[in-house]
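K.L.:
Can you look at this prediction? I've put the sequence above it.
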Amino acid sequence: MTKLTIDGQQVEVPANTTIIQAAELAGVEIPRFCYHERLSIAGNCRMCLVEVEKSPKPVASCAMPVAEGMVVHTRSDKANKARNGVMEFLLINHPLDCPICDQGGECDLQDQAMAYGSDRGRYEENKRAVKDKNMGPLVSTIMTRCIHCTRCVRFATEVAGVQELGATGRGEDMEITTYLEKALTSELSGNVVDLCPVGALTSKPYAFSARPWELRKTESIDVMDALGSAVRIDARGREVMRVLPRLNETVNEEWLSDKARHACDGLQYQRLDKPYVRGANGKLKEATWAEAFAAIGAKLKNVAGPKVAALSGDLVDAESMFALKQLMTSLGSANIDCRQDGAAVNPAVRASYLFNSGIAGIEEADAILIVGSDPRREAPVLNARIRKRYLRGNVQIGVIGDALDLTYKYQHLANRADALSKIADGSHAFAQTLKNAKKPMIILGMAVLSRADGAAILAAARQVADTCGLVKDGWNGFNVLHTAAGRVGGLDVGFAPGAGGKDTRGILDSAAKGEIEVVYLLGADEIDTAKLGKAFVIYQGHHGDRGAHRADVVLPGAAYTEKSGTYVNTEGRVQRAERAVFPPGDAREDWAIVRALSDVLGKKLPFDSLDQLRAAMRVANPIFAALDSVTKAMWSPFGTAGSIAATGFDYPIKNYYMTDSISRASRTMAQCTEEFVMGGKARTGTHG
């Protein structure tokens, strides 16, 4: 530990700490533009200059390590004069367009100019102008405003892992640009807008839409993938204007994926705002809630419980699934499932479907085996964690599956699933790598578990965990990476087949044969609706997507921004999404719809409010009692031993930008699809 004095306050910090970090620990704020705690040190803006006794000139505090006995002054006349000079130089070429800049009101340059800038300028020559660059459909560029802090360059290279941004030219001709004048191909590109301390990089979909002081801000979580990233939803009136990341060190740090950030405009299009009932002519027509419920009641009146089934979608909250499960049980049906893809996890063994090491646990792992998963597209922020661990060194990463570009080097072990059996029996060399590691982990993707032999692969992965020491000394390296935000919560509330009940495949096969006569789709759009046969379909959801097109009765529900709902992320963390706006038209919260329907059917559910429902959930499963915490799962037997086919994987995400009803309705995601998917962006491999 090193002792130093900052503004008269004695501080003790670890060796190799920089002055700016020591000042933060002491509660002293030092202005900065280029410095960011998650990026490498550049030291090129000089705004963080401080006075250090015995030093002949001001020192850049972001790049200077502390020394024993060092005396630092951050508010002295010398330090302030140095910052005033730096600010004057920064504003020499910066355009005076704050009134039309999207960064206005939340701009670091504005804030620090108020504190350290002059009330007039001495520069009379012409200002420099820089041509704007094309960075794709998400990032708007006004490069004349750029102050060359290089935060965007360092983020793209270090965190996102796409070396497509850099500085060209020297001196006054220096420019930040994409080397080949093309769009950024990272699924994390929107984060450069948050990092930019001026208005050089702004959000293209949000451009000229609103000012920050007009917006109502709601802290919530993201449901576009299973990570559960912390977000802030900014709304004006009934419209969600933008989604920004919040700090959560254990989940998403301060990053957010592009789909989570920009798919929110899909909440404005193709919305269901009224109930519909299919008439005698085969067309859906508008109806009242009473008429829709009456149509459902008339159908269920003559159908036995075992001939009724329910499927839940990927974006559904735990409360709604719990209510629907209670209703299906009262109707005498055990045919329920929240796994639209048929994932072969064991609902009775929580450890079989969790990311047991935790997302932050990736940074502790020293050997990682990825099986049938494309984390770059299934969970881009989690993939950035793996890259972060890779850059620190001393970690070996192996991949069984396609040779994908994951932004870090790895050993491509095989592209066939049966290679996992060789690791399980110790005949593969990577088995010894896992055994020699102190904290090894395996990551199973949905491409593995949704196969016909998924249960056998799950059993083989469990064998790898046991034989290679993945579970030991308080460490559990057995991990499942889900792609659906509602999946773990659905399994935790028991929205899975009961005794004698059918799973998703069984429900669809039985419906095609006419054995199941009524199917309740709770936001379930990712199924083959052609297999529903002649079944009477009730669809409850917020978008007119695939399920609604096939439905006989449509019940308009609320999207995740329009209700308070509980979600459990892939690591088992219980989180709460909060209502930012109200649902459109006659749409209602999903649990309330199920509760009202139960009354009409004569199967009244035992709760009348959201609080009562949540109390019942906590009784049914105590894990819901603690928000924002993870309850460790017991390590118990799971999986069904069997043969594994020597075939590759069918990855669930073909188009990252359109994976659910919200993103499919988003115009921004349609532009991204046209730019990155239809444009033929190659998915090449980077492996060693």
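P.N.:
That came through, no problem. All values reported here derive from a predicted model rather than from experimental measurement. Numbers count the residues shown, from 1 in each chain.
K.L.:
The helix ranked longest in the chain: how far from the chain's middle?
P.N.:
Ranked by number of residues, the top helix in the chain under DSSP state H is helix 77-92. Here the centre of helix 77-92 is set off from its chain's centre by 40 Å, with CA atoms, centre = their mean, to the nearest Å.
K.L.:
In terms of secondary structure, what does the helix or strand that it is followed by contact?
P.N.:
Remark: after helix 77-92, the chain's next helix or strand is helix 108-116, criterion DSSP states H and E. For helix 108-116, the packing partners by 3 or more CB pairs under 8 Å, 6 or more residues apart in numbering; DSSP states H and E come out as helix 77-92. In short, each C-beta sits where N, CA and C put it, glycine included.
K.L.:
Please list the residues outside the helix it packs on that contact it.
P.N.:
Contacting residues not belonging to helix 77-92 are listed as 31, 33, 45-47, 49-51, 58, 73, 109, 112-113, 116-118, 121-123, 127, 147 [CB atoms under 8 Å, 6 or more residues apart in numbering].
K.L.:
With stretch 416-425 instead?
P.N.:
369, 371-372, 400, 413, 428, 430-431, 434, 448, 451, 453, 457, 460-461, 463-464, 467-468, 644-649.
K.L.:
So among those, which ones count as buried?
P.N.:
For the contacts of stretch 416-425, a neighbour count by 16 or more other CB atoms under 10 Å gives the buried set as 369, 371-372, 400, 413, 428, 430-431, 434, 448, 451, 453, 457, 460-461, 463-464, 468, 644, 649.
K.L.:
Okay, now the unreliable bits of the stretch 151-300 of the chain?
P.N.:
Applying pLDDT under 70 to the stretch 151-300 of the chain flags no residue at all.
K.L.:
Show me what counts as buried in stretch 264-273.
P.N.:
264-267, 270-272.
K.L.:
Now do the end-to-end distance for stretch 162-169.
P.N.:
Taking CA to CA, to the nearest Å, stretch 162-169 runs 21 Å from one end to the other.
K.L.:
what does stretch 62-72 give?
P.N.:
Stretch 62-72 end-to-end distance (CA to CA) = 13 Å.
K.L.:
repeat for stretch 21-38
P.N.:
Terminal residues of stretch 21-38 are spaced 12 Å apart (CA to CA).
K.L.:
quick one: that stretch to chain centroid distance?
P.N.:
Counting by CA atoms, centre = their mean, stretch 21-38 is centred 28 Å from the centre of its parent chain.
K.L.:
Which residues does it contact?
P.N.:
Taking contacts as CB under 8 Å, 6+ apart, the residues outside stretch 21-38 that touch it are 4, 6-7, 9, 11, 13, 17, 19-20, 41-45, 47-48, 50, 61-62, 66, 72, 74, 83, 90, 108-109, 112, 115-116, 147, 149-151, 154, 159, 195, 197-198, 253-254.
K.L.:
Using neighbour counts, trim these to the buried set.
P.N.:
Buried among those (16+ other CB under 10 Å): 4, 6-7, 11, 13, 17, 19-20, 41-42, 44-45, 47-48, 50, 61-62, 66, 72, 74, 83, 90, 108-109, 112, 116, 147, 149-151, 154, 159, 195, 197-198, 253-254.
K.L.:
Which ones among those residues map onto helices?
P.N.:
Using DSSP H, the buried ones among the contacts of stretch 21-38 in helices are 19-20, 83, 90, 108-109, 112, 116, 151, 154, 195.
K.L.:
between those residues, which is nearest residue 498?
P.N.:
Of all these, residue 195 has the smallest distance to residue 498: 49.1 Å, by CB to CB.
K.L.:
now the closest one: how far from residue 140?
P.N.:
Relative to residue 140, residue 195 is positioned 15 Å away (CB to CB, to the nearest Å).
K.L.:
next one: residue 554
P.N.:
Using CB to CB, residue 554 is found at 38 Å from residue 140.
K.L.:
Looking at those two, which is more packed in?
P.N.:
Neighbour count, other CB atoms under 10 Å: between residue 554 and residue 140, residue 554 has more, with 26 against 22.
K.L.:
can you give me the helices in the stretch 201-350 of the chain?
P.N.:
Counting by DSSP state H, counting those that start in this stretch, the stretch 201-350 of the chain has helices at residues 258-262, 289-300, 318-330.
K.L.:
helices or strands next to the shortest one in the packing?
P.N.:
Spelled out, that is helix 258-262. Using 3+ CB pairs under 8 Å, 6+ apart, helix 258-262 sits against strand 239-245, helix 667-672.
K.L.:
Can you mark which positions in the longest one are buried?
P.N.:
Yep, that's strand 239-245 we're talking about. 240-245.
K.L.:
go on, the last one?
P.N.:
Taking 16+ other CB under 10 Å as the neighbour-count basis, helix 667-672 is seen to contain the buried residues 668-672.
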